[in-house]
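Chemist: below is the sequence, then the predicted model.
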Amino acid sequence: MKKRKFWSLAGGICFSFLFVFVSITFDFAYGAPETIKVGASVSLTGRFAAGGVDVADGYKMAVKHINEDGGIYVKEFGKKIPLEVIIYDDESDPNKTVTRLEKLYSLDKVVAYLGGFSSAMNTAGLAMGEKNKVPWVGVTIAAESVFSQGFKYTFAPCMFSFMEVTAFFDAFDSLPKDKRPKKIANFQLQSDWGIECGKYLKKYGAERGYEIALVQKYAKSTSDFSSLIMAAKTAGCDAVFSVPTPPQSMTLIKQMKELAYAPAATCFIRGPDLSNYWEVMGENANYIITCGEWTADMKYPGNKKLVDAYQEKKPGKIIGMQVGCGYGALQILADAIERAGSLDRKAIRDALTKTDFTTVRGHVTFDERGIGQVPYSLCQWQNGKLEVVINPDYTTAPVLLAPAWDKR
Amino acid sequence: MRFFQKKMVIPALIVAFLFFLPLFFKGEYYLNMLCTLFLYVILSQSWNILGGYTGQINVGQAAFFGIGALVTRLLWTSGIPFVPALLGGGLSSVILSLLIGIPALRLRGHYFAIGTLSVAWIALITIENIFPGVTFLPGKYVATYSLLPRYYAFLIILLSAVIVISLAVHSRMGLAMESIRDDEEAAQAAGVNIFKYKVIAFAISSFFAGLAGGGFSFFHVSYYWSMPFALMWCFEPILITFIGGVGTIWGPIIGSLCYVALKESFALTMGEINVLIFGAVFIFIILFFPKGIIGIPEKIREHLTKRMGTNVGRDVLGKSQP
């Protein structure tokens, strides 16, 4: 009799536990969304489309790989939820960036924003992140001043002006002392980024023993650089630093060649980093140093998988730098969502501030302004290939000094 | 008078609907879209009074839009209330238009168009050099940012633009403007002070372009100072006005509606190909409906009348023959 009573009691307790467990599990599963929605407004058409398409490709690749593993584990729901990235074309118009991000916020209910390609679009976009209190993770933004507004929801795992200039001097320091360029010309683009780089060139140049012998300013719409080039040639500058727009980076090189100005080092942070630069410029691109935020050769975890998947999807196409940057940005966001354990935007924002994660482009943390602490990296065009010449983790080739134009 | 009252019923209903819309409808995306729509209507209306009614093709609207945005933003963020700041933006555009218009309006046809385009280029390069950075709203403004005041600001500017331009073109001044557009020499011979009316039309046009710029600066939390000076602001109002119907009050409204709504739906549903499709639609309208969308009913009526007329002719001919 006693035995029967015991088994009845034990059965009752087990049933109660099972009931509670099933109820909780059912309740959690019931409350989980089908997908985790993140949104981006990217320039897929218009003047910034070349880079925008690469950024979007990076996002799509990252989503594919994350979802192949079942999605992102969200503790709040006790399971993995697939990721969904909604990408709208802003037509290279910042007005449309605002409208698209508003749509993503109010209709699509995204939990986070991802950045677009150009600074003009990103400037409009990151402000929307702050206004709507939606975490914004940018891809291509380099002006430090933008991150000095006290914004709390904006993050950019990119190389900023001070990192680019540091890497530029690191490149010179990697050369034998007697071969290092001595006089540097700064062709200063009149943009916040260009001016910031100018400020750091002066500061770090003085600290590291390099002379900024010439500063020549130009606007975003300038297309004739002959006066700048002649001034640099006359001043005997053996290195040039600039952050031109992509078309300007091509015009500048052509005009430098026409005017027979061949400095030993030419560093254009923007422009030569685009995947089609060699196709357009051919041999003239040789020896040009540029930003090296990401390359297909990088040995960071997951990079090979990205490159293989891209080449399978787009055989024969050179993979652009922004593909890796876009991929890395989404990896950072996915990591933050997982650590937040919730789809609450503030929780994701808080998790982003504590990012300490290695992406396909290297290790990333954020400072209190949301500026990414990423590996400082520069590449150089060497016989049709972008070689990594400066990077704290590895290089694929040494920095080469350029000979005269007729000897290239 | 009764006819006038009848004509006002539909616009009054639309205005009443737009005024009360945000009270019942809270979708931020749609309010955002409406703000963008209103911005394009104001800008294209402002282009239309000079280009559509007076025949002076201004390809430099970005300069006036941009200066309005610049002055409004500077005044507003320095602590001046938005309305005086906005008026300051509009007036600064008028001043710029007078400085440029007095010499430039002596040019005719293509020369005036090239002259105004040059002004827009000069303004863009100058601003890029003087203000190379980004303008951010101060933190307190970002914290209290709401779309509603932006929506009503745009709506009020739009209504003012439509009313002022409508009154202007339906007055004696409007007759003078249209006579200049149709035949400048004949208008001069008939005693119209063509230079005076051109300057007035340019000033009104610039004032509303400046107000549109002010609205832009009120709407955006952050943007590059040079963004409102970008050349897209020169060409988009022209495109919109031609799509809707040049030289009409409804043209820029319908054009903006099509431009914003069509482009939005194409961009959201068709991906990169939307540019091609939109381009094809634009070419189709220009080729087959040179008076714009607003001219389509007239075109259809003309076509039907022509066909009916031909048929009537055939019947008469048929009957006359044994």
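Modeler: Happy to help now that I have it. Residues are numbered from 1 along each chain as shown, chains lettered A, B, ... in the order given.

Chemist: only C-alpha atoms from now on, for both contacts and neighbour counts.
Modeler: Noted.

Chemist: and the chain, what are its domains?
Modeler: You didn't pick a chain, so chain A it is. Using automatic domain parsing, the domain parsing of chain A gives A:36-159+A:297-373, A:161-291+A:378-407.

Chemist: wait, chain B was what I had in mind.
Modeler: Following automatic domain parsing, one gets these domains for chain B: B:28-288, B:295-322.

Chemist: tell me which stretches of chain B form strands.
Modeler: Taking DSSP state E to define them, one finds strands in chain B at B:134-136, B:222-224.

Chemist: distance to chain A added to those, as a markdown table?
Modeler: Shown next, in a markdown table, are the strands of chain B (distance: least, Cα to the nearest Cα, whole Å):
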| stretch | distance to chain A |
| --- | --- |
| strand B:134-136 | 7 |
| strand B:222-224 | 6 |
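
Chemist: out of those strands, which one sits most buried?
Modeler: Highest mean neighbour count of these: strand B:222-224, a mean of 24 (counted as mean count of other Cα atoms under 10 Å in any protein chain shown).

Chemist: to what extent is B:Leu287 buried, counted in neighbours?
Modeler: B:Leu287: 11 surrounding residues under other Cα atoms under 10 Å in any protein chain shown.

Chemist: please disregard the earlier target; I meant A:Gln322.
Modeler: As a burial measure, A:Gln322 scores 28 neighbours (other Cα under 10 Å).

Chemist: likewise for A:Val134?
Modeler: By the measure other Cα under 10 Å, the count of residues near A:Val134 is 25.

Chemist: residues in contact with the one residue in the stretch 201-350 of chain A that gets nearest to chain B?
Modeler: When scored by Cα to the nearest Cα, the stretch 201-350 of chain A has A:Ala219 as its residue closest to chain B, at 6.1 Å. A:Ala219 makes contacts with A:189-191, B:125, B:128-129, as judged by Cα atoms under 8 Å, 6 or more residues apart in numbering or on different chains.

Chemist: which non-adjacent residue is nearest the spatially most central residue of chain B?
Modeler: Centroid-nearest residue in chain B: B:Ser44, 0.9 Å away (criterion: Cα atoms, centre = their mean). Nearest residue to B:Ser44, sequence neighbours excluded (Cα to Cα, 6 or more residues apart in numbering or on different chains): B:Pro237, at 4.3 Å.

Chemist: residue contacts, that neighbour?
Modeler: Applying Cα under 8 Å, 6+ apart, one finds that B:Pro237 lies in contact with B:40, B:43-44, B:47.

Chemist: now swap in A:Tyr218 and tell me
Modeler: A:187-190, B:129 are the contacts of A:Tyr218 under Cα under 8 Å, 6+ apart.

Chemist: now it: phi and psi?
Modeler: Backbone geometry at A:Tyr218, expressed as degrees, to the nearest 10, gives phi -150, psi 160.

Chemist: partner residues bridging it?
Modeler: Per DSSP bridges, the residues bridged to A:Tyr218 are A:Leu189.

Chemist: mind checking pLDDT for it?
Modeler: A:Tyr218 is assigned a pLDDT of 91 by the prediction.

Chemist: swap in A:Phe77?
Modeler: The model reports A:Phe77 with a pLDDT of 92.

Chemist: over to B:Phe131?
Modeler: The model's pLDDT for B:Phe131 equals 89.

Chemist: who touches the nearest residue to it once chain neighbours are set aside in this structure?
Modeler: Distances taken as Cα to Cα, 6+ apart place B:Trp225 nearest to B:Phe131, at 6.1 Å, with adjacent residues excluded. For B:Trp225, the contacting residues are B:70, B:127-128, B:131-135, by Cα under 8 Å, 6+ apart.

Chemist: between the residues you listed, which has the most around it?
Modeler: Neighbour counts for these, by other Cα under 10 Å, peak at B:Leu70, which reaches 26 neighbours.

Chemist: so what's it up against?
Modeler: Going by Cα under 8 Å, 6+ apart, B:Leu70 touches B:89, B:213-214, B:217, B:225.

Chemist: now with 10 Å, please.
Modeler: B:64, B:76, B:89, B:92, B:127, B:131, B:135, B:210, B:213-214, B:216-217, B:225-226, B:228-229 (Cα atoms under 10 Å, 6 or more residues apart in numbering or on different chains).

Chemist: how about the strands of chain B in TSV, adding mean pLDDT?
Modeler: Below are those laid out as TSV (pLDDT from 0 to 100):
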stretch	mean pLDDT
strand B:134-136	87
strand B:222-224	87
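
Chemist: closest residue of the stretch 301-408 of chain A to chain B?
Modeler: Closest approach between the stretch 301-408 of chain A and chain B, counting by Cα to the nearest Cα: A:Arg369, at 14.6 Å.

Chemist: for that residue, helix, strand, or coil?
Modeler: coil (DSSP: H, G, I helix; E, B strand; the rest coil).

Chemist: just give the number of residues close to it.
Modeler: 19.

Chemist: hmm, it is touching A:Pro157, no?
Modeler: No. Applying Cα atoms under 10 Å, one finds A:Arg369 not in contact with A:Pro157, separated by 11.5 Å.

Chemist: of the contacts of A:Ala219, closest to A:Ile390?
Modeler: Distance to A:Ile390 across these (Cα to Cα) is lowest for A:Leu189, with 23.6 Å.

Chemist: any idea how far the closest one lies from A:Pro272?
Modeler: A:Leu189 sits 16 Å away from A:Pro272, going by Cα to Cα, to the nearest Å.

Chemist: returning to that earlier point: ranking by neighbours, what's the top pick from the contacts of B:Pro237?
Modeler: Busiest of the contacts of B:Pro237 [other Cα under 10 Å] is B:Ser44, holding 35 neighbours.

Chemist: ok, now which ones touch it?
Modeler: Each residue near B:Ser44 by Cα under 10 Å, 6+ apart is listed here: B:38, B:51-52, B:61, B:205, B:208-209, B:212, B:233-242, B:244, B:246, B:251-253, B:255-256.

Chemist: cool, and A:Val55?
Modeler: Applying Cα under 10 Å, 6+ apart, the residues contacting A:Val55 are A:40, A:42-44, A:49, A:114-117, A:139-140, A:320-327, A:329.
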